[in-house]
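**Student:** here is a sequence with its predicted model. Questions after.
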Amino acid sequence: MPASELDQPPFDGSVFPPFYSPRPDARGGNRDIDDVDFSLAEGKTSPSNSERANATQDALAPSPASLAQPPPPSLLSPAFTPPSTPGTATPRSATLTEPRGIPVDSSIPTGGCGTKHPRLLETLPEVECIVRARIPTTTGAEMFLHLYKNNVDNKEHLAIVFGGNIRSKSLDAVREGETEMDRLVRGAYTGRLYPGRTTSGILEGSADTPSPVSQGPPLVRIHSECYTGETVWSARCDCGEQLDEAARLMSLPSNTAGGIIIYLRQEGRGIGLGEKLKAYNLQDLGSDTVEANLLLRHPADARSYGLATAILLDLGQKEIRLLTNNPDKIRAVEGPHREIVVTERVAMVPLSWKGKGGFRAPEVEGYLKTKIEKMGHLLDLASLPRQDSNQ
């Protein structure tokens, strides 16, 4: 190895290239290790590795002038990132908005449940909740994440539960040979966990209190996985915004009945991520979202909701308020023998539709237009802001 390389100080991870946003210097620019002057003054010996490392840290340390300046924008929240679940950084007036509900009844033709009759499974899948954990969120709201396995696929479907009054029957069931610590670790406990807790039930005289009694049917959202819209900031759909809005509504203090987001792992309306990306390329070639699926020899919508029905039953729900703009989804969620009854359809209106956040893009406008014109989704015009006639 050349002597020049041996003389270099060991890399300790404290100095990063500019991509990782190094600290600004007093001039407001970025200093990097390449900016440090290691040239030797006449008559001085070569500094040791430790002296080089100390000089590097001294040169990169912020000056008092730089400390007085506001910090650079955080990489954790770039401007193009969708709002953080459950709907942070929104106006107070928007966060207090109550959802609009419309009574529905699928037992009669005029019940407001759409005109299509989805093909339902003859029997519901078998589901079992494997683990449950409390998730504190960045806004202070809490949720309980339930992970499910089933007998129809090898995917891990989820239920995001708001409120402590909704519990899983399969999770709470005693399993052969398990200890109290086993039950605590998999989330089959009542009340809250704390250091030193040894039992899964509530002890007499404990500080834990029973969960409040539910105040009517909970608000339920059936959400299908969308990696592109939820993770890589895609403007081709509004799935990320809808997930945020569902969590926001379920976190409202006035929502005493609790809420459930059933998160089904059926990417791309059931065709998978790879086929979905092919459909994106077809959309760039001029097809809409429905035409692209059909050109790839897939149904316009290949999703199934039997797992959602089974999970809701496991969570003890017989009646729900369904958060959706798709009236045809009501019958699909109720199950083959109406195991669950949807009493109310609540309009899904993301904040961007109201002009109170979110994003606008030509791609998402075309996506919503196709859902309304070709897939029968409804648009709650009463919740939208008025547009200037000249726009």
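**Tutor:** Structure's in. What do you need?

**Student:** so how far is residue 122 from residue 302?
**Tutor:** Between residue 302 and residue 122 the computed distance is 19 Å (C-beta to C-beta, to the nearest Å). In this view, the C-beta of every residue, glycine as well, is placed from N, C-alpha and C.

**Student:** what's the answer for residue 310, then?
**Tutor:** Taken as C-beta to C-beta, the span from residue 310 to residue 122 is 13 Å.

**Student:** next structured bit after the lowest-mean-pLDDT helix or strand in the chain?
**Tutor:** Every helix and strand in the chain was compared by mean pLDDT, DSSP states H and E; the lowest is helix 92-95, with a mean of 44. Proceeding C-terminally, helix 92-95 gives way to strand 101-103 as the next helix or strand, assigned by DSSP states H and E.

**Student:** partner strands of that following strand, parallel or antiparallel?
**Tutor:** strand 341-346 (antiparallel) (DSSP bridges).

**Student:** the strand it pairs with: which residues count as buried?
**Tutor:** For strand 341-346, burial by neighbour count (16 or more other C-beta atoms under 10 Å) applies to 341, 342, 344, 345, 346.

**Student:** show me the contact partners of that strand.
**Tutor:** Residues from elsewhere that reach strand 341-346 (C-beta atoms under 8 Å, 6 or more residues apart in numbering): 99-104, 106, 112-113, 217, 219, 249, 318-324, 327, 330, 333-334.

**Student:** for the nearest residue to residue 278 once chain neighbours are set aside, the count of nearby residues, please.
**Tutor:** With C-beta to C-beta, 6 or more residues apart in numbering as the criterion, residue 278 has its nearest non-adjacent residue at 5.9 Å, and that residue is residue 296. Neighbour count of residue 296, defined by other C-beta atoms under 10 Å: 15.

**Student:** the one 4 residues further on now?
**Tutor:** Other residues within reach of residue 300, judged by other C-beta under 10 Å, total 14.

**Student:** higher neighbour count, residue 302 and residue 122?
**Tutor:** Set side by side, residue 302 and residue 122 show more neighbours around residue 302, with 14 against 7, by other C-beta under 10 Å.

**Student:** wouldn't that one be in contact with residue 270 here?
**Tutor:** Yes: using C-beta atoms under 8 Å, residue 302 is in contact with residue 270, at 3.2 Å.

**Student:** re earlier: list the residues that contact the residue nearest to residue 278.
**Tutor:** Each residue near residue 296 by C-beta under 8 Å, 6+ apart is listed here: 271, 275, 278, 279, 282.

**Student:** for these, pick the one with the most neighbours.
**Tutor:** Within the contacts of residue 296, neighbour counts (other C-beta under 10 Å) peak at residue 279, which reaches 25 neighbours.

**Student:** skipping adjacent residues, who's closest to that one in space?
**Tutor:** Of all residues not flanking residue 279 in the chain, residue 292 sits nearest, at 3.8 Å (C-beta to C-beta, 6+ apart).

**Student:** now do the contacts for residue 149.
**Tutor:** Counted by C-beta under 8 Å, 6+ apart, residue 149 has contacts 127, 128, 130, 156.

**Student:** what's the neighbour count on the third one?
**Tutor:** In terms of burial, residue 130 registers 15 neighbours under the definition other C-beta under 10 Å.

**Student:** direction included, what does the helix or strand containing it pair against?
**Tutor:** In the assignment (DSSP H and E), residue 130 maps to strand 127-136. Sheet pairing of strand 127-136 (DSSP bridges) gives strand 142-150 (antiparallel).
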